[in-house]
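> One predicted model, sequence on top.
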Amino acid sequence: MPFVLPVLKYKKQYDRHFHDGPITALSFNTHGSIFAAGSLDGTVSVWAVDTANALHRINVRAPIHSLVWSTGSEGFVFGCENGALVSVRLEEVCPFCY
């Protein structure tokens, strides 16, 4: 009996063109309610999962190569092509994100 791959079914949630370049990093907060996405265009965007609304945009002018949500906090760290590591606390840049 041949192996049959299952068919992936999905519901399209997000169709926003918020970045001018490809997304290279994405991470969800610990609650799964917010995610941040980094792009080669040098921006990081913060999104609400339930509404698909963009909450904040950070322009760093260097391509983003990594992004991780900090465990146990409401912030994240991202790494840029120029070698910079940036730590973001959402209550400082996006107080209405909660």
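Arrived safely, thanks for sending. Please read these numbers as outputs of a predicted model, since none were measured by experiment.
> Would you mind measuring from residue 49 to residue 35?
Look at residue 49 and residue 35: by Cβ to Cβ, to the nearest Å, they are 6 Å apart. (Glycine included, C-beta is placed from N, CA and C.)
> Next: residue 82.
Applying Cβ to Cβ to residue 82 and residue 35 gives a distance of 24 Å.
> of the two, who's got more company?
Taking other Cβ atoms under 10 Å, residue 82 and residue 35 do not tie; residue 35 has more neighbours (18 against 11).
> Tell me the bridge partners for the more buried one.
residue 28, residue 47 (DSSP bridges).
> thinking again about what came up before, name the residues contacting each of residue 49 and residue 35.
Contact criterion Cβ atoms under 8 Å, 6 or more residues apart in numbering; residues shared by residue 49 and residue 35: residue 28.
> Buried residues, the lowest-mean-pLDDT helix or strand in the chain. List them.
Lowest mean confidence among the helices and strands of the chain (mean pLDDT, DSSP states H and E): helix 90-93, at a mean of 73. Buried residues in helix 90-93, defined by neighbour count with 16 or more other Cβ atoms under 10 Å: residue 90.
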